Each structure stands twice: as structure tokens, then as C-alpha cells.
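Peer 1: When you get a sec, could you give me coordinates for this:
(chains A, B, C and D)
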There are 2 protein chains.
Amino acid sequence: MARRGTTTTIADVARHAGVSPATVSRVMNDRFVGEPAVAERVRTSATELGYSPSPLARSLALGETHTVALLVPDIRNPAFQAILGGLTRAAARDSYRVLVADSAEMPDEEPVLATELRRRCDSVVLCAPRMSEERLVEIAAALAPVALINRPSPSIAAPSLSIDYGSGIKKLAQHLYDQGHRSFVYLGGPERSVSNARRRRALDEFEEATPDVVLHRISCGADTEDGRRVAGLVWESRATAAIAFNDLVAVGLVDGLGAAGVRVPDDISVTGFDDIPFARYTSPPLTTASVPYEELGALAWQRLLAFIQGEGPGDDLLLQPRVEIRGSTAAPSVRTAVVSAGPVEASGAG
Amino acid sequence: MARRGTTTTIADVARHAGVSPATVSRVMNDRFVGEPAVAERVRTSATELGYSPSPLARSLALGETHTVALLVPDIRNPAFQAILGGLTRAAARDSYRVLVADSAEMPDEEPVLATELRRRCDSVVLCAPRMSEERLVEIAAALAPVALINRPSPSIAAPSLSIDYGSGIKKLAQHLYDQGHRSFVYLGGPERSVSNARRRRALDEFEEATPDVVLHRISCGADTEDGRRVAGLVWESRATAAIAFNDLVAVGLVDGLGAAGVRVPDDISVTGFDDIPFARYTSPPLTTASVPYEELGALAWQRLLAFIQGEGPGDDLLLQPRVEIRGSTAAPSVRTAVVSAGPVEASGAG
DNA sequence: ACCCTCTGTGAAAGCGGTTTCTCGCGCTGT
DNA sequence: ACAGCGCGAGAAACCGCTTTCACAGAGGGT
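Peer 2: Next up, the predicted model:
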């Protein structure tokens, strides 16, 4: 904000043009219907004084800010950044701005953060909120109109856009199965992540449907470092294929395995999830499920705008990931499938 | 914004507590000095009615929004995303929020965008603005207090934080030189990028200081796709080492070269810049100059906050990149240094 | 008893716009 | 000539909060 008295206000323009503030307002908003000469006078005064209306004052008077908030659990996560990018660019086309906030993976902060954000904005996009369904429903009214990404909620009237993680993870598992793998290990994401729960459930179903498969589960996390940390555990599980929560974990896992002398995919296959821009450039290139996050952000905006403008929330959108088969998966080698001791000398982390 | 009349206002609380709005305001802001019983009454009324002050109205009255804008040329660039992350988290600690905007690499949009953003915020951080110095000076007053990232401007009183790209690129060139390379090609970034100019100038100096070096220059871009596109040109230049504008370009280049059968670093060495999180996981891992972008964002906030609070802008901060030597650089092979025709059959793109 | 200070609270004027309501004026119809 | 109408533009209320200023009442000094 400029120092008091520094900026030119609507009153200054009105005085300069010899009209009332109301007239200036009307001219500035193309709502003026009177004599063209008056409008012209106002316009020249405005440019002469370098006037532009205060968005703040307009927001207060109009009750709309042309701003939308995005709340993510971790702004450093490339997937969320991609969503942010898509949302920002799409919203910009309708001259909306995006306010970002990051709950730093603290679910308890989310409700208060979201509510506070909402007061500054016309709407808020909750991206993969970790808060409980109960809390979500609690604050839903205060947040409306709100959009949900990767967190469908049956009891809230809001546009909801999600990735079908279940279908994606099943496709990945099937791909590994088709290659001959029978012993899998799943590296789980954040405990309270809904998308993690989706993956889990899908794997449960997969396990049930294919009884000759053994599926281990490790609680891991969502970050590269998490993947690296559990490399030792993964190898010790003797699974021939690791299904990582996401690409970051997969990349960390591959790196951690490599540091311990385990080769991918020769000794163990690894899959990621998300298809972050760099997944194709890792060594080896990562087999993963491609998720159009940027598009997800853009679509969220599209739906949200319609919703803001009074249309219904629309049906839940469930985007299908597309499996990208790359170099990090291969048929299990006989050796690793049979020999119990692997090429690891000192097994990595605990 | 909520529908008119839906939210409870300060007047509602005042009425409910049997006091004046002024008193409520004072209580809510811990500026109340009267009878404790009154304060207590107000507080219970407030919680009972679920009241929280409108940030918008406060902003208008107080002349401060507790919001800061970040303007970047391309929100999808990981370097800018890292800066955004650092800024967002640092600002959050002081309960400030970040409004993001993206000029989509259109320099002419920047001044108007920045000015508009500034009206909504207490301050704006210009990240690598592509606009001319002239324009920047023109709008500086309207933007103040402003912070500059990767774009020092001698004539503007503002905190300025930059990466010493010149020093970084020289270190990379020196590293290649030490390995025996004498023929370099530089893949230039966006024409109007100041950081690109810095790199260019440093390479000019390097060329002058080491006369036995031949340095080609290719105009490229800042994205993976740009790097891939010029792979053919790079190989045709017969340079034994390619210095890419940044990691994205380097990654694209390596990929484009690989597609044409050129191996890195066997046939040609490649360096990037930035050390994005994935640089160490590419194939081969990328030799690059590590830049602490997240820290840059955090430091920017720190300086900006001090500046907002009336302290001086402080000295220009020049962060030194640290060269990370990885697998994408090696001594030039005799073959590629001598033989004019390379392993390419149909040279890649034009 | 009186004046003066001090204290707790409210009234009102901002902040910078938008919008409803009103009013004066020139025009038309009879 | 006069009622009625439409039109152009201003006055004023309002959005929700902060803050200055004023004021009533309590308390203390002489």
C-alpha cells in the first residue's frame, strides 16, 4: 500500500474533471450513459492524473476480489507446482490471480488456513487436503464456493477433480505382473493422504484378484529422501518389483538402491507415479503413470469459474492416468527371484 | 466473498455484546484498556457468533494487506518454483501470503502486471524481470517497496538478490578447460534475460582470457524442448563441450543428442545450470552449477520485510553458485576431437 | 463545593470505491 | 400552457473495519 495521500483517488479525478465521484466510477466501469463529452473529460483527467481504481476498495464495495486461493500440503512437490501452474495460467486468462498457501503437511492447520484464505478471496481450491472428512464438512459452508482436487467428498457441493490413482496403480501392477513379477512391495505415501488410501485399496483389490501375488507394504512418505531412506528395507523384502507412492519416492529409491549396489531394473523393477517432467530423464527412465497435473489445475479453474458464476458444481471429474513404460521395469531375473542373498554388501538404511 | 449479509460483521458483535464497534475493534486487536469484564463479553460474543474480522476491510482501513506479490516470467520453470517455495514459506512465518503471477515471458506485460499486483499487495518481488531498465525505472516508484531477484538495478532503491551467474559459468568453463576441452558451444537463454546476458559476458571474458579456446554461440531458450531442438546444431558445431543456459536445456540437449546416437559424456560433454532437484538423477547425472534458489526466495523475503518496515534496502546480495561435477562431463575423446563426421546419421533438428 | 485530570467508552470520520435514490431539466403530447 | 416523462448527473448510503476525537463520570486536590 502506498503511503497515505500518495495515490490519486476517485475523488481527485472527480474534482479535476468537475464531476462527482459517482460519475467517475461509472465511466471507469463502462456503465456511463450520459453525454460523451463528460466521459471524455473524465477519461482525460484520469490518465492525466495517472489514476487507477484501488482493487482493495473495489473488492470491499463489490464483494469480489478476483482472487482465488490454492492450498497445498507442500508447495515444493512438483505435482502441486504443476497444478499451481495450470491454475495460475488458466485463472489469469479470466483476470483472476492466485494466492498460494502451504500447510507444510500439517493437517490441523488446514481448516484455519483455508478459512482465513477464503476471506481474502472469492474462492479456494483445496488441493489434496489431509484434514479429516469431518473437519472438511465442518468448514465447507464457510469456504464455499470451493473446489476439491484429489479429494472427492460426497457430502459437499463443490467441483471435484481427481486423478484415478486406483486405476493407475492397478495398471502398473498389472504391467509388472505381465512381466512375470509375483512379489511386490508398495512404498506408501503420507498416512493421511487420500490419494495414498486410494492406491492402497486398489492394491488390496489387486492382491485379492491375483492370489499368486505376494504384496509387502512399507510406510514411506512422499519425498525423494523418503525413498532413499527405505531402499534397504525394500531390498530386504526380496520383492522383485517396487511400486513407489510417486516419482519422487521412486527416484530416491532408485538412487538409494544404486548406492547399495542394487541395479534397476536388473535386480529389481521400480515404478513411480505422476510422470513428473523429469521422469523420462532419470537413469533409468522411470516407468510411471502419467498424470496431467497442469491440465488438472486448468480444469479446476474452468469448473470453479462456472461454479462461482452460479452454475452447478458439475459431476466429479476422474482423470485417468496413462501408464508410461520406460526403462525402470523389466522381467525379473532368475537370480534375484531365487537367490536369497542379493548383491548388497552392507544393506542401506534401516 | 460471502453473499451479502451472510457473514457476521463487527456491528453484529457490537450489538450482541452491547458495546460499540470501536470497542470490539479494540478488543480484537488487543488494544483494549478498559474494564476486563467488557473485553470478556466481547470475546464471548465474537466466538458465539463465529466472528472474524474481514481482512479486506482491515486492509482498506489499515493500508496494509499482509500480502506480497511474486512476478515471474514462467511459473513452470523449476527455478522460479523453488524461489516461490522459499518465499512462500518464509513469508508465512510472518503471516504474509504470496500472490503469484506469471508474465508468460512477455516483457511488455510485466510493467502493467506488476503495477496492478502492487495495488493489491504491500510489496512486489520482481523475479528476473525481462523488461528494459528504462521501463523498470519508470514504474519503480509505483512499485515501491519492491525487491529484485536476479536483476540488479543500480538506480532503484530496493533489496536486490542475485545469483552470480558470471562466476558460475566461468567455473564451469574452467572445469571443462581443465579436462582438456578447447571447443565450446554455449546454448543461450531467452534474449532479454539479464541472467543470460551475465553468462554471455562472463564467457566473453573467458574467451578473451584463454585464447586457445573456440567458443560457439547458439541462441536457444530456457526449456527442455529448446535444448532438444538444437541438439543437431550443437553436434554440427563440432564443439566437444556444450554449456547449456540451464539444467532444463541441458537435459533436453542430452536427450536430443541421445536420440541422434550421440553419447554424453563420451562424445560430448554437457553442463547445465541451477542444479534443479533432478539434475543428480538424470542419465548421466548432470554437471552443473548449484544455485540455492529456495534460499534465495527466503532471503528475499527477509530483506523485503526489513525494507517494508522502514530499514534501508541493504547491499546487493550476490550468491555464489557451487559447481557440482557429475557424470555429464569428461575429458574429450580423441575421436570426437579429430574426426569431423560424428556418429550422427541424419542430424537432428535444424 | 469546585475545578481539574484521568479513565473508559462511544460517535463519527475516514479508507476508496459502488450503487441506489433523488432531483432538476428539457422534451413531448394534448 | 401544463402535466408527464425520460434522461443525465449528483447526494448519500453502504461495504466492514480502524482511529481520532469528544465526552461523561469518577476520583483527587484545595
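Peer 1: What separation is there between A:Asp267 and A:Pro332?
Peer 2: Using C-beta to C-beta, to the nearest Å, we find A:Asp267 at a distance of 9 Å from A:Pro332. The C-beta positions use only the backbone N, C-alpha and C, and glycine is treated the same way.
Peer 1: Could you check which of the two is surrounded by more residues?
Peer 2: A side-by-side neighbour count of A:Asp267 and A:Pro332, using other C-beta atoms under 10 Å in any protein chain shown, places A:Pro332 first with 23 against 18.
Peer 1: Once you drop chain neighbours, what's closest to that one?
Peer 2: Once flanking residues are discounted, A:Pro332 sits nearest to A:Thr240: 3.9 Å by C-beta to C-beta, 6 or more residues apart in numbering or on different chains.
Peer 1: Dihedrals phi and psi, A:Val254?
Peer 2: Main-chain dihedrals, A:Val254, degrees, to the nearest 10: phi -60, psi -40.
Peer 1: just A:Phe184 next, same as before
Peer 2: The phi/psi pair for A:Phe184 (degrees, to the nearest 10) reads phi -110, psi 160.
Peer 1: cool, A:Ser269 as well?
Peer 2: When quoted as degrees, to the nearest 10, the phi and psi of A:Ser269 stand at phi -90, psi 150.
Peer 1: same deal with A:Arg135?
Peer 2: Main-chain dihedrals, A:Arg135, degrees, to the nearest 10: phi -60, psi -40.
Peer 1: Go ahead and confirm it touches A:Pro111.
Peer 2: Yes. The criterion here is C-beta atoms under 8 Å, and A:Arg135 meets it with A:Pro111 at 5.3 Å.
Peer 1: List the buried residues in stretch A:204-218.
Peer 2: Within stretch A:204-218, the residues that count as buried by 16 or more other C-beta atoms under 10 Å in any protein chain shown are A:Phe206, A:Glu207, A:Val213, A:Leu215, A:His216, A:Arg217, A:Ile218.
Peer 1: Do you know the pLDDT at the third one?
Peer 2: Put plainly, it is A:Val213. Per-residue pLDDT puts A:Val213 at 95.
Peer 1: and it, what does it touch?
Peer 2: Neighbouring residues of A:Val213 by C-beta atoms under 8 Å, 6 or more residues apart in numbering or on different chains: A:Ala173, A:Tyr177, A:Arg182, A:Ser183, A:Phe184, A:Phe206, A:Glu207.
Peer 1: now the residue nearest the centre of chain A, nearest residue through space, not along the chain?
Peer 2: Centroid-nearest residue in chain A: A:Phe80, 3.5 Å away (criterion: C-alpha atoms, centre = their mean). Among residues not flanking A:Phe80 along the chain, A:Val72 sits closest, at 4.2 Å (C-beta to C-beta, 6+ apart).
Peer 1: residues near the one you found, how many?
Peer 2: Per other C-beta under 10 Å, the neighbour tally for A:Val72 reads 25.
Peer 1: shouldn't A:Lys170 be in contact with A:Asp204?
Peer 2: No. Between A:Lys170 and A:Asp204 there is no contact under C-beta under 8 Å: 10.6 Å.
Peer 1: Identify the residues contacting the helix or strand harbouring A:Asn196?
Peer 2: Per DSSP states H and E, A:Asn196 falls inside helix A:194-209. Residues outside helix A:194-209 that contact it (C-beta under 8 Å, 6+ apart) are A:128, A:130, A:150-151, A:162-163, A:165-167, A:169-170, A:173-174, A:184, A:186, A:188-190, A:213, A:215, A:217, A:243, A:245, A:273.
Peer 1: Just the ones of those residues in helices?
Peer 2: The members of those that map onto helices under DSSP state H are A:Tyr165, A:Gly166, A:Ser167, A:Ile169, A:Lys170, A:Ala173, A:Gln174.
Peer 1: Return the residues in contact with the fifth one.
Peer 2: It stands for A:Lys170. Going by C-beta under 8 Å, 6+ apart, the list of residues near A:Lys170 reads A:Ala202, A:Leu203, A:Glu205, A:Phe206.
Peer 1: Of the residues you listed, which is the nearest to DNA strand C?
Peer 2: Closest to DNA strand C out of the contacts of A:Lys170 is A:Ala202 (49.3 Å), distances taken as C-beta to the nearest atom of the strand.
Peer 1: Could you find the closest non-adjacent residue to the closest one?
Peer 2: Once flanking residues are discounted, A:Ala202 sits nearest to A:Gly166: 3.5 Å by C-beta to C-beta, 6+ apart.
Peer 1: For chain A, what lies in contact range of DNA strand C?
Peer 2: Residues of chain A lying close to DNA strand C (C-beta under 7 Å from any atom of the strand) are A:4-5, A:7, A:9-11, A:21-22, A:24-26, A:28-29, A:31, A:51, A:53-54, A:56-58, A:60-62.
Peer 1: Just the buried ones from those?
Peer 2: In the residues of chain A next to DNA strand C, burial by neighbour count holds for A:Thr9, A:Ile10, A:Val24, A:Ser25, A:Arg26, A:Met28, A:Tyr51, A:Pro53, A:Ser54, A:Leu56, A:Arg58, A:Leu60, counting by 16+ other C-beta under 10 Å.
Peer 1: Is A:Val137 in contact with A:Ile156, as I believe?
Peer 2: Yes. Counting by C-beta under 8 Å, A:Val137 touches A:Ile156, with 6.5 Å between them.
Peer 1: Among these two, which residue is more densely surrounded?
Peer 2: Higher neighbour count among A:Val137 and A:Ile156: A:Ile156, with 20 against 13, using other C-beta under 10 Å.
Peer 1: give the contact list for that one.
Peer 2: A:Ile156 is in contact with A:Leu136, A:Val137, A:Ala140, A:Val146, A:Leu148, counting by C-beta under 8 Å, 6+ apart.
Peer 1: Any regions of the stretch 1-150 of chain A where pLDDT drops low?
Peer 2: A:1-5 (pLDDT under 70).
Peer 1: And the residue of chain A that's closest to chain B?
Peer 2: A:Ser283 (3.1 Å; C-beta to the nearest C-beta).
Peer 1: Wait, A:Leu99 touches A:Arg119, no?
Peer 2: No. Here A:Leu99 does not reach A:Arg119: they are 11.0 Å apart, not a contact under C-beta under 8 Å.
Peer 1: Now the closest residue to DNA strand D within the stretch 51-200 of chain A: which helix or strand?
Peer 2: Nearest to DNA strand D, among the residues of the stretch 51-200 of chain A, is A:Ala61, at 3.7 Å (C-beta to the nearest atom of the strand). If you go by DSSP H and E, A:Ala61 is part of helix A:55-62.
Peer 1: do that helix and chain B meet?
Peer 2: Yes. Contact of helix A:55-62 with chain B (C-beta under 8 Å from any C-beta of the partner chain) involves A:Pro55, A:Leu56, A:Ala57, A:Ser59, A:Leu60.
Peer 1: Run the chain-centre distance for the helix or strand just after that helix.
Peer 2: Later in the chain than helix A:55-62, the nearest helix or strand by DSSP H and E is strand A:67-72. Put simply, strand A:67-72 sits 11 Å off its chain's centre (C-alpha atoms, centre = their mean, to the nearest Å).
Peer 1: List of residues touching the following helix or strand past strand A:67-72?
Peer 2: Where DSSP H and E defines the elements, the next helix or strand beyond strand A:67-72 is helix A:78-93. Residues outside helix A:78-93 that contact it (C-beta under 8 Å, 6+ apart): A:68, A:70, A:72-75, A:97-98, A:100, A:125, A:127-128, A:149, A:246-248, A:274, A:276-277, A:291, A:293-302, B:75-76, B:78, B:81, B:85, B:100-102, B:104.
Peer 1: Is it possible to mark the buried ones in these?
Peer 2: A:68, A:70, A:72-75, A:97-98, A:100, A:125, A:127-128, A:149, A:246-248, A:274, A:276-277, A:291, A:293-294, A:296-302, B:75-76, B:78, B:81, B:85, B:100-102.
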